[in-house]
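Peer 1: Mind looking at a prediction? Sequence and model below.
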Amino acid sequence: MKTELLIIGGGPAGMAAALSAYEQGIRDILIVERDRELGGILNQCIHNGFGLHTFKEELTGPEYAARYVAQIEEKEIPCLLNTMVTDLQGGNPCKVTAMNKEKGLFTIEAQAVVLAMGCREKPRGAMNIAGSRPAGIYAAGTAQYFVNREGMLPGKEIVIVGSGDIGLIMARRMTLQGAKVKMVAEIMPYSGGLRRNIVQCLDDYGIPLKLNHTVVEIHGKDRVTGVTVARVDENLKPIADSEEFVSCDTVLFSCGLIPENELSKAAGADMDSVTKGPVVNARLQTTAEGIFACGNVLHVHDLVDNVSKEAKQAGYYAAEYIRNREKDFGEVVRPKIPEKTKCVLPEGRDASKTLICIGCPVGCLITVEEGKDGELSIKGNTCKKGESYARSEVTAPKRMITSFIKVENGTSKVVSVKTDGEIPKDKINACMEEIKNAGCVAPVSVGDVLVKNVAGTGINIVATANVAGNN
Amino acid sequence: MCNRVEQDRDFDVLIIGAGVCGSSIARELSRKELKIAVLEKETDICEGTSKANSGIVHAGYDAKPGTLKAKLNVQGSRMMKQLSEELDFAYRKNGAMVLCMDEKDKEKLEELKQRGITNGVEKLQILDRQQILNMEPSVNPEVVSALYAPSSAVVCPFELTIALAENAAVNGAEFFLSTEVTDVIKEGKGFCVKTSKGDFYTKAVINAAGVYADKIHNMVSGKADRISITPRKGEYLLYDKAVGNMVSSTLFQLPTALGKGILVTPTVHGNLITGPTAQDCEDKDVTPTSQEGIAQIQKKALQSIANVPSGQVITSFAGLRAHGESGDFMIGQVTGVPGFFDVAGIESPGLSCAPAIGVYVADLVNDYMPAADKAGFVAKRKGIPHMANLPTEEKQRLILSNPAYGNVICRCEMVTEGEILDAIYRPLGATTTDGVKRRTRAGMGRCQSGFCLPKVIEILARELKVEETHIRKASGDSFYLLEEDSQLSLEGGEEI
């Protein structure tokens, strides 16, 4: 097989790179994706909060992915699904070895290749956490897959290690599914997640965030029975007499992500020990001839919007390379890595007066005071959304809810859903109850109303993903 | 009275324990016209000491001359290569060095060499600093000298045990999993073996119950002859394949006044492993790692290699050695109990000895109850193909024969659906995710099953025709997925 541009990975990075190269006039493009559909990890990130930069509105992960998938389909960019790239060599042309059920092992020659394989989670083993090795220990993303993609329950009493965004999101997710999240233990004195996720994932559900704490031992023979949690000193070493046993049946690890660069290394691309991704120049070109990189394989991004933006550039430069064959690598330019979020909440914050805005990832601290005339004085917000959030939060707090609904006769067992507007906080349980009892029959499309007037709120539950019929 | 429900619960030889020893003995005995049963309390073979160790085939210089350990080690080490060809499991002769870090200890190195020669170990050689560093540039440059044993090798302990058991099964040995022995009673000319799955009757019993060998032994022995097995825990750290080539030989540390050292070695599959610690413990069921153990390994490894790649650890684990009081293996007929044979106290170098233990015990049984050779004994076994290691044409051929070989499930170790199906449908096939992992390596890579776990569970459930909530990691209540409205502690232990 031959193609002008081959893209490894059909997640947000791969799709944006493909579309961008298409815009530049490249027509012979092939996306190779190991999963059964495009979208990558976004498909299991069913919560909202994606797309504020790219689409100027808040979308759930599957909706964000679906918008790109629709464009790929419209432009008829071919994709090889369920296909694993097993080897890669740079050059003119680049040689890509891939494998799937239908074609077996085959080689594709490409003028240029864009690496967009994403990243993976650090497992428990990499954290050197002592104890036994029973069932019930998952990377947070694996648990997220079980819940959101398969509608399964990986645990009922949960301790989460690490307060990265996936950990926080999963704390809320498991709670909504009926599990009890006992605590989120964070070894650092601050959370690694966004401030707004502390509010809407932990505070909303009364889940304690234990800063300066870590799990030092996991207990249980067959299934997890508990963990030993300890406070750590300034060198992050556990303090012996602070140890405490917490019973649970599940431990989730949310301790960071590592770019998945097996192929980049196979291609002989120089690696950057800081980003853990390949070394690139200003055109996102690696040191392996004809190979470009973008998205989480290049460095771990905080927002998918930034992945899309970077991937768009990679697609642009790959197209330019196919036209001009500019071989000179030039200077190494390390991608700008956003400073690691240090989410420190103000000490002794009175949550009823100092709010954290959940309107966007900035998470402004907003103070609300009621004047004598009953007028609210709102300060600290940096946009209008903050003001309306604060007003509603002190009078009638509202939230958007995302979950899944079971699907019959579909290519997937469940479809992700959301409330098509915010519902009163005190209706969350009633809303979840209706969602759990609901069902639908494939095919389902993004936007389909699956539950009308949920919990009498006037708000509907709508599908956030497409599920084809299983014919 | 032995209350055996079915006639087919009558055996000539009954082996308790499907670890590497039990499986090796079963295979050797299956060369004869004997009706053999292997009873295992866990849901799979290779679930005890055999699953968590260094995977080293020791050359044989370590054991005290004249002991069973010394004799069987040298024999076992010599048998292992041929066995790996017969049974198709990974084996690599990578050589071993015993590193000496202090001029004052050089004498001990020489003693060790002499001991090896007495035991019959071939080609032992003392290396000087430069020779060591030429061969192993990662070794701590403060090294003084080393004993080099080129016959030392590495194997995969799971593959070895599973291969032996599968081959025994193919040759007629019957395996009863999830079958825990609760009592052994002398009855007539044989024994009634009471288990969680009913009674068995057998002419001879082989006690290969690992850390529980004392419990089984004491069921039949006189009061004065009771034995005790102490579980001695060893913790390990396993590193990413990215650093698997840091060393090519197995590096031991010469025992010093500070105690026995730890080893650093590549595994047969290309990871790096360091350990073990040694700590006597009480619990024979759970083998947790400890903060102290992990710290100790990291510290001690520094004596062998100057740059321990601590950031590349992918998992830690611990195993139990079955330590007997005598210090040597206790293999033979129990005093006053004809037909009951112990294979007890099989600690290091037990894995290396396993092939020889099989032959040794088969000979003991043959002396006790001679049996004819079985016509049609199949000595060869073909293992599960590992797509990742095959040449292109072979990969193509396999995918053509079954497209499932083209579907990658474990991306870190490049394990395909075809291999997982093989693991499930082979004799003594996998029914748990650990079973799949040990047969195929799915989940053993750097992400430690983060991506493939849901897929492996899905395949197991589909093929075993059960709900995903019924799929377990290993024995007991080790379910992954819970029913929304049920309590966790489900009725465990039922076979699926």
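Peer 2: Happy to help now that I have it.
Peer 1: then stretch A:436-450 to PDB, C-alphas only?
Peer 2: Only the C-alpha atoms of stretch A:436-450 are listed here, as PDB (Å, rounded to 0.1, in the frame of the first residue of the first chain):
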ATOM      1  CA  LYS A 436     -30.200   4.100  35.400                       C
ATOM      2  CA  ASN A 437     -33.600   2.800  34.700                       C
ATOM      3  CA  ALA A 438     -33.800   4.100  31.200                       C
ATOM      4  CA  GLY A 439     -32.900   2.200  28.100                       C
ATOM      5  CA  CYS A 440     -32.900   2.700  24.400                       C
ATOM      6  CA  VAL A 441     -32.600   0.800  21.100                       C
ATOM      7  CA  ALA A 442     -29.900   1.500  18.600                       C
ATOM      8  CA  PRO A 443     -29.300   3.300  16.300                       C
ATOM      9  CA  VAL A 444     -28.800   6.400  18.500                       C
ATOM     10  CA  SER A 445     -27.400   9.700  17.400                       C
ATOM     11  CA  VAL A 446     -25.800  12.600  19.200                       C
ATOM     12  CA  GLY A 447     -28.600  14.800  20.400                       C
ATOM     13  CA  ASP A 448     -31.400  12.200  20.500                       C
ATOM     14  CA  VAL A 449     -33.600  12.800  23.500                       C
ATOM     15  CA  LEU A 450     -33.600   9.600  25.500                       C
END
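Peer 1: got the buried residues for that stretch?
Peer 2: Within stretch A:436-450, the residues that count as buried by 16 or more other C-beta atoms under 10 Å in any protein chain shown are A:436, A:438, A:440, A:442-444, A:446, A:448, A:450. Bear in mind the C-beta positions are built from the backbone N, C-alpha and C, glycine included.
Peer 1: before we move on, what about stretch A:220-240?
Peer 2: A:220-232, A:238.
Peer 1: Check stretch B:63-74 too.
Peer 2: B:63, B:68-74.
Peer 1: quick one on the thing from earlier: which member of the buried residues of stretch A:220-240 is positioned nearest chain B?
Peer 2: A:D222 (3.7 Å; C-beta to the nearest C-beta).
Peer 1: so what's the closest one up against?
Peer 2: A:134-135, B:472-478, B:492 (C-beta atoms under 8 Å, 6 or more residues apart in numbering or on different chains).
Peer 1: Verify the contact between B:V193 and B:I15 for me.
Peer 2: No: B:V193 is not in contact with B:I15 according to C-beta atoms under 8 Å; the separation is 10.5 Å.
Peer 1: Comparing these two, which residue is more hemmed in?
Peer 2: Per other C-beta atoms under 10 Å in any protein chain shown, whichever of B:V193 and B:I15 has more neighbours is B:I15, with 32 against 28.
Peer 1: Tally up the residues packed near the closest residue to A:V224 other than its chain neighbours, please.
Peer 2: Excluding the flanking residues, the one nearest A:V224 by C-beta to C-beta, 6 or more residues apart in numbering or on different chains is A:G136, at 3.6 Å. Residue neighbour count, defined by other C-beta under 10 Å, stands at 28 for A:G136.
Peer 1: For chain B, give the residue positioned nearest to chain A.
Peer 2: Counting by C-beta to the nearest C-beta, chain B gets nearest to chain A through B:T315 (3.1 Å).
Peer 1: Not counting sequence-adjacent ones, nearest residue to that residue?
Peer 2: A:G125 (3.1 Å).
Peer 1: For the one you found, give me its contacts.
Peer 2: A:G125 neighbours (C-beta under 8 Å, 6+ apart): B:238, B:313-316, B:448.
Peer 1: Tell me which of those residues fall in helices.
Peer 2: Among those, no member falls in helices (criterion: DSSP state H).
Peer 1: possible to save those as CSV with pLDDT?
Peer 2: Conversion of the contacts of A:G125 to CSV gives the following (pLDDT from 0 to 100):
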residue, pLDDT
B:L238, 97
B:V313, 95
B:I314, 95
B:T315, 95
B:S316, 95
B:Q448, 94
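Peer 1: just the buried members of these?
Peer 2: So, by 16+ other C-beta under 10 Å, the buried ones in those are B:238, B:313-316, B:448.
Peer 1: would JSON lines of these with distance to A:M271 be doable?
Peer 2: Output for the buried ones among the contacts of A:G125, formatted as JSON lines (distance: C-beta to C-beta, whole Å):
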{"residue": "B:L238", "distance to A:M271": "22"}
{"residue": "B:V313", "distance to A:M271": "19"}
{"residue": "B:I314", "distance to A:M271": "18"}
{"residue": "B:T315", "distance to A:M271": "23"}
{"residue": "B:S316", "distance to A:M271": "26"}
{"residue": "B:Q448", "distance to A:M271": "22"}
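Peer 1: can you list the domain ranges for chain B.
Peer 2: Using automatic domain parsing, the domain parsing of chain B gives B:1-90+B:155-228+B:325-383, B:96-150+B:230-320, B:387-470.
Peer 1: how long is the last one end to end?
Peer 2: Between the start and the finish of domain B:387-470 there is a gap of 29 Å, counting by C-alpha to C-alpha, to the nearest Å.
Peer 1: before we move on, back to that, got the confidence number for the residue nearest to A:V224?
Peer 2: pLDDT for A:G136: 98.
Peer 1: Give me the phi and psi for it.
Peer 2: When read as degrees, to the nearest 10, the backbone of A:G136 gives phi 110, psi 10.
Peer 1: What distance do you get for it to B:A356?
Peer 2: 40 Å (C-beta to C-beta, to the nearest Å).
Peer 1: Equivalent analysis for A:I405, please.
Peer 2: Distance, A:I405 to B:A356, using C-beta to C-beta: 61 Å.
Peer 1: go on, A:I137?
Peer 2: For A:I137, the distance to B:A356 - C-beta to C-beta - is 38 Å.
Peer 1: swap in B:L124?
Peer 2: 20 Å.
Peer 1: show me the contacts for the closest residue to A:C364 other than its chain neighbours.
Peer 2: Using C-beta to C-beta, 6+ apart and skipping the chain neighbours, the partner closest in space to A:C364 is A:C357 (4.4 Å). Contact analysis of A:C357 by C-beta under 8 Å, 6+ apart lists A:196, A:363-366, A:381, A:385-386, A:389-390.
Peer 1: repeat for A:L355
Peer 2: A:199, A:365-368, A:389-390, A:393-394.
Peer 1: Bridged to it, which residues?
Peer 2: A:I366 (DSSP bridges).
Peer 1: still on that earlier bit, for the residue of chain B closest to chain A, list the residues it contacts.
Peer 2: A:123-126, B:237-238, B:448.
Peer 1: distance of it from B:G270?
Peer 2: 15 Å.
Peer 1: Walking through the stretch 251-400 of chain B, point out its strands one by one.
Peer 2: B:263-266, B:272-275, B:279-280, B:313-324, B:330-333, B:340-344 (DSSP state E, counting those that start in this stretch).
Peer 1: Neighbouring strands - and their directions - for the fourth one?
Peer 2: For strand B:313-324, the paired strands and their directions (DSSP bridges) are strand B:229-239 (antiparallel).
Peer 1: which parts of the strand it pairs with are buried?
Peer 2: For strand B:229-239, by 16+ other C-beta under 10 Å, it's B:229-239.
Peer 1: who touches A:G256 in this structure?
Peer 2: Counting by C-beta under 8 Å, 6+ apart, A:G256 has contacts A:121-122, A:162, A:164, A:192, A:300.
Peer 1: Flag the shaky bits of chain A, pLDDT-wise.
Peer 2: For chain A, the stretches flagged by pLDDT under 70 are A:339-343, A:346-348.
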